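Enquirer: Fold the following, please.
(chains A and B)
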Amino acid sequence: MANTIAAAHEHEATASHGHDDHHVSLPQHRHHFETQEQQREAGSFGMWLFLLTEIMFFGGMFFAYLLYRNWYYDAFVTSSNQLSVPLGAVNTVILISSGFFMALAVWAAEVRKKKQLVRYLILTTIFGLAFLGVKTVEYKEKWEKHHIPGASFDVHEFINPAIDAKTGKAEQRPLAPDMAQKTQVFFFLYFAMTGMHALHMIIGLGLLGWLIYRAQRGDFTDGYVAPIENFGLYWHFVDIVWLFLFPLLYLINRHPLQ
Amino acid sequence: MSAATISSNTILSLPDQRTASMPKRHYINNEDGMLSWLLTGDHKRIAMLYLFSITFFFFIGGAFAGLIRLELLTPQPDLVASDTYNKFFTMHGIIMIFLFLVPSVPATLGNFLIPIMIGAKDLAFPKINLLSWYLYLIGGTFTLAALVLGGVDTGWTFTTPLSTHYLNTHVITAATAIFVAGFASIFTGLNFIVTIHRMRAPGMTWFRLPLFVWSNYAASILMVLGTPVLAIAIVLVALERLIGIGVFDPTKGGDPLLFQHLFWFYSHPAVYIMILPGMGVISEVISTFSRKRVFGYSAVAFSSVAIAVFGFFVWAHHMFIMGVSNYSALVFSLLTMLVAVPSAIKIFNWAFTLQKGSITFETPMIYAFGFMGLFTIGGLTGVFLGALGMDIHLTETYFIVAHFHYVMVGGMLMAFLAGIHFWWPKMTGRMYSEPLSKLSAVISFIGFNLTFMPQFILGYLGMPRRYHAYPAEFQVLNVLSTAGATVLGVGFTLPLLYLAWSLKYGEIAGNNPWQATGLEWQIQSPPLTENFTEVPVIDYEAYDYERLERKHANEVTTVG
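Expert: All right, here's what the predicted structure looks like:
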């Protein structure tokens, strides 16, 4: 199919104006690429390399997480119990849905369905916003419980956990005071990692707005799908980062009480 | 191989300069006006923009070096207070490393030449290339802002907890500068890798690429993989200062050593980001002025990649005295020795390229010889420092200072100047004054050795770095060093003057003044905006002087 499109465009180009560029096929074709295929490959390769730098960027924080998790295991277990698994799980579903609609958007661009492309991009945006909404609720809860490091971090409840009224048992294992201080390290990393992830989402949502505007103009449904494809790669990368953050921060340290 | 016929066609018989004329249309006069430069997508114009900016920052960084040497002229702290002195060497380090050495060869010569050398019309992403320059400028502006607002005194290494807790200077401003400038370098590297993979002309296989392209490719890998780690380390330092998170703060359970790991994971590969493109320049220059194919082409090509790979596994040799375990120190010491092997491969291969070549001593070649000698000294002293026992004695002394200046100034700066002098006729279409440029190459070489050789001795005797006062018995060597710095200053200012002069008054260079084989020499100088009038097809190896000879012979017969 791609061949026939290219041939049709070439025909168009030669018919309308037979200037010296033999490879004209689309208006978005940049002069310094020999073929449109070369341009598309270069764009996608560039995006993969950019994602590689992103992996290295997040890698620094994941490295810090692994190091401190080994050192302050008990503090990490206790702090991890403070995070809400239901909210995290809901967010995971929301984000995967957002990624699913992004994948559909790429498909819609490839089969040149403008209406569907716009619809899927909007759905991607809505689910992205929903993710950030849930994240805000979680951050607010941390604020109320004084779990924001650097601001007014309170280790009191890690040393003397609240007693459950019904069972008469402590809600979690108490920590020694010096280990309780280390719960701050968990929350530094929690905010640094989820915050950096949220920042990437916000940047992505900004780009999505611009893509929706251009998709409505019909920029991406005439065979020029590279921006949608490359943004899709970025968006899926952001999803994948979360798929590592969720188990590391919310799940793997959880223990039943005592 | 008939050495006689080739030597008849060497640099000694330059094409008649009087017949060479400036082409009517080229990338410089293609469009007029400031805006056409500031919004350009042309890799050659962006290279020139970068060249002006890095030269500007080089002289600011150099001025701080001058102030440092002036203070060290006497043992007493008589020129500036100790805090001011700390700010001097910090600004010198930040400017020279992040704003000069890292972008020096890749962003100027690499930007200009890589697309031409592989037969492409431009880099893969011209807009990202321009964005890279603007990011560099923003980084530069933040650096100047930190300077004007009162300076920063962490040293270029931003060591925690000094940078996070004990200083009240403009650490955040400087950190922002490095963060932003880092992205400029990431985008340059990304652009190069994609371009070299996807934009090569028909027939330009990987093993026909000039070695300059290989070494820039290796450096680009380091930029793309290393720089983001520096970015996150700097973000965490900034967060620690701004909102008091404590990833590196021991009182809150953090570990300062983690910062060292993250920082040096970039900053050690960064020295290869700086030196590898320079090595590429040297390969081109040595080959051209000995009229021979580079000895062991594929060994030199792979040694670049090997340096890039090994370069990622030696970072902890900066931390031997910082409390890493003995076992990891041992491993990193061995790996450090290992990285000397690919560098040595290059030096030996260049030496064998020279053997039985028709060597001529043009200015770029003099700089290249300077590089080979000085880089060898810098590299070998690096092996001393990689050895654990020696390192404990020598680290944090002037020995370290001398070592990395031998590699960075004696190596990289010489390579940069070799490259600038080599490709200047291609970039501007004009020649500079040959006697003056040779003179300045020699002055730089003498000045350099006078500056830094005494520092090896000072360091060995135990003079610590980063102090503005020292015991009186060290004064003789320090005076020698300061005197050398003055000579070096002259050596670096001269090229600025005669190269600027040549822009207007230099002789017309013609397409191929050095009779070199590279693709860039087969097109007009200065090149057209689109580089090639038709897509070149490559059916020959790099550095094929016999082919050039045959081509030349044919031309003569057809004309005659």
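Enquirer: Backbone torsions only: list them for B:D539.
Expert: Main-chain torsions, B:D539, degrees, to the nearest 10: phi -130, psi 30.
Enquirer: Pull the residues that contact stretch A:38-51.
Expert: Under the contact criterion C-beta atoms under 8 Å, 6 or more residues apart in numbering or on different chains, stretch A:38-51 has outside partners A:29-30, A:33, A:226, A:229-230, A:233-234, A:237, B:124-125, B:128, B:190-191, B:193-195, B:197-199, B:224. Heads up, the C-betas are built off the backbone N, CA and C, glycines and all.
Enquirer: In helices, which of those appear?
Expert: Among the contacts of stretch A:38-51, DSSP state H puts A:226, A:229-230, A:233-234, A:237, B:128, B:190-191, B:193-195, B:197-198, B:224 in helices.
Enquirer: closest to B:L497 among those residues?
Expert: B:N191 (32.5 Å; C-beta to C-beta).
Enquirer: ok so, going back, between the ones in helices among the contacts of stretch A:38-51, which sits nearest B:H165?
Expert: Using C-beta to C-beta, those come closest to B:H165 at B:V224, 32.5 Å.
Enquirer: so that closest one touches B:L190, yeah?
Expert: Yes: counting by C-beta atoms under 8 Å, B:V224 does reach B:L190; the two are 5.7 Å apart.
Enquirer: hmm, back to that, just the ones in helices among the contacts of stretch A:38-51 now: which is nearest B:V247?
Expert: Among the ones in helices among the contacts of stretch A:38-51, A:F237 lies closest to B:V247 (C-beta to C-beta), at 23.6 Å.
Enquirer: gap between the closest residue to that closest one other than its chain neighbours and B:Y545?
Expert: Distance criterion C-beta to C-beta, 6 or more residues apart in numbering or on different chains; nearest residue to A:F237, sequence neighbours excluded, is A:L51 at 5.0 Å. According to C-beta to C-beta, to the nearest Å, A:L51 stands 43 Å off from B:Y545.
Enquirer: Looking at those two, which is more packed in?
Expert: Taking neighbours as other C-beta atoms under 10 Å in any protein chain shown, A:L51 and B:Y545 compare with B:Y545 leading, 22 against 17.
Enquirer: my guess is that one contacts B:R291, does it?
Expert: Yes: counting by C-beta under 8 Å, B:Y545 touches B:R291, with 5.2 Å between them.
Enquirer: Residue numbers of the stretch 1-150 of chain B in contact with chain A?
Expert: Counting by C-beta under 8 Å from any C-beta of the partner chain, the stretch 1-150 of chain B comes close to chain A at B:120-126, B:128.
Enquirer: Swap in 6 Å and give it another go.
Expert: B:121-122, B:124 (C-beta under 6 Å from any C-beta of the partner chain).
Enquirer: Dihedrals phi and psi, B:A329?
Expert: phi -60, psi -40.
Enquirer: Report the separation between it and B:F399.
Expert: Note on B:A329: its distance to B:F399, by C-beta to C-beta, is 18 Å.
Enquirer: Looking at the two, which is more packed in?
Expert: Comparing B:A329 with B:F399 by other C-beta under 10 Å, the one with more neighbours is B:F399, at 25 against 20.
Enquirer: Now for the more buried one: which residues touch it?
Expert: Contact analysis of B:F399 by C-beta atoms under 6 Å, 6 or more residues apart in numbering or on different chains lists B:456, B:459-460.
Enquirer: out of the residues you listed, who has the most neighbours?
Expert: Highest count within the contacts of B:F399 by other C-beta under 10 Å belongs to B:G459, 23 neighbours.
Enquirer: Can you tell me the element that one falls in?
Expert: Counting by DSSP states H and E, the element that carries B:G459 is helix B:434-461.
Enquirer: Report all helices and strands that that helix contacts.
Expert: Secondary-structure packing of helix B:434-461 (3 or more C-beta pairs under 6 Å, 6 or more residues apart in numbering or on different chains; DSSP states H and E): helix B:363-386, helix B:398-405, helix B:475-505.
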